[in-house]
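**Q** sequence plus predicted model, see below.
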Amino acid sequence: MSNLSAMSDHQLVELYASGTDQAFDELLARHQEHLFAYIMRLAHNEDQANDIFQETFIKAITSIRSGQYRTTGKFCAWLMRIAHNITIDCARANRNTPQLSEDCQHDMLYNNIQLSEEGFERELLRLSDNQTLYNLVSTLPQAQQEIVHLRFWEGLSFKEIAAITDVSINTALGRMRYALINLRRIVNERELNIAV
């Protein structure tokens with residue numbers, strides 16, 4: 001058998017689908033740390049994150065082995081989409097999180113003069129490894145935290161973010177803009193030196 005670590009995710013998925021269990025072991029090793037960190041940011045609870053992580057890989061295994069997995073993008077983004085959906089299902093079942101309106105203040109967002117935040121976003125991106133920024137982002141509503149995390153720390157496009165979070169690109173953009181407005185307000189209130 002050829003070197004699994006040299007194979008692409010797509011090649012490993014095909015190999016696993018054909019019955020080579022070691023291919024899935026390689027996929028798991030490749031993505032488990034990144035995926036678990038993403039789930040922890042959503043769940044804020046290690047026990048729940050572990051459950052979601054396990055369920056994510058069970059669903060992935062089931063989909064691949066049953067031939068339902070289709071290569072439409074990055075394998076890791078597909079895993080994140082599964083994890084996102086499971087997290088939402090858990091939140092609804094536990095009733096621990098409020099339901100979020102997709103169009104919350106949508107009109108206000110697109111008509112607000114403060115939306116020219118490109119310089120501020122660039123500065124935040126430059127500081128994306130900064131613990132202060134991480135702490136600031138954690139004060140945002142959950143939907144905004146997720147968008148900022150996927151954009152800043154995962155480096156995903158808004159198209160990928162929309163697919164993972166199961167919203168339109170406009171909604172993803174709107175949430176990001178609203179998150180930037182909130183972050184700028186917090187930075188100003190705390191008189192932090194982050195903005196350009």
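**A** Received, thanks. Numbers count the residues shown, from 1 in each chain.
**Q** what about residue 10, neighbour count?
**A** Counted by other Cβ atoms under 10 Å, the residues lying close to residue 10 total 11. Yep, even glycine has a C-beta here, placed from its N, CA and C like the rest.
**Q** hmm, residue 75 and it touching each other?
**A** Yes. In this structure, residue 10 is within contact of residue 75 by Cβ atoms under 8 Å, at 7.0 Å.
**Q** please parse the protein into its domains.
**A** If you go by automatic domain parsing, the domain ranges for the chain are 4-94, 106-190.
**Q** so what's residue 21 up against?
**A** Counting by Cβ atoms under 8 Å, 6 or more residues apart in numbering, residue 21 touches no other residue.
**Q** correction: the previous question concerned residue 80.
**A** If you count contacts by Cβ under 8 Å, 6+ apart, residue 80 has them with 35, 38, 150, 154, 164.
**Q** same question, residue 27
**A** 9, 12-13, 16, 75.
**Q** got a list of what the residue nearest the centre of the chain touches?
**A** Centroid check for the chain by Cα atoms, centre = their mean gives residue 150 as the closest residue, at 4.3 Å. Residues near residue 150 by Cβ under 8 Å, 6+ apart: 80, 156, 160-161, 164-165.
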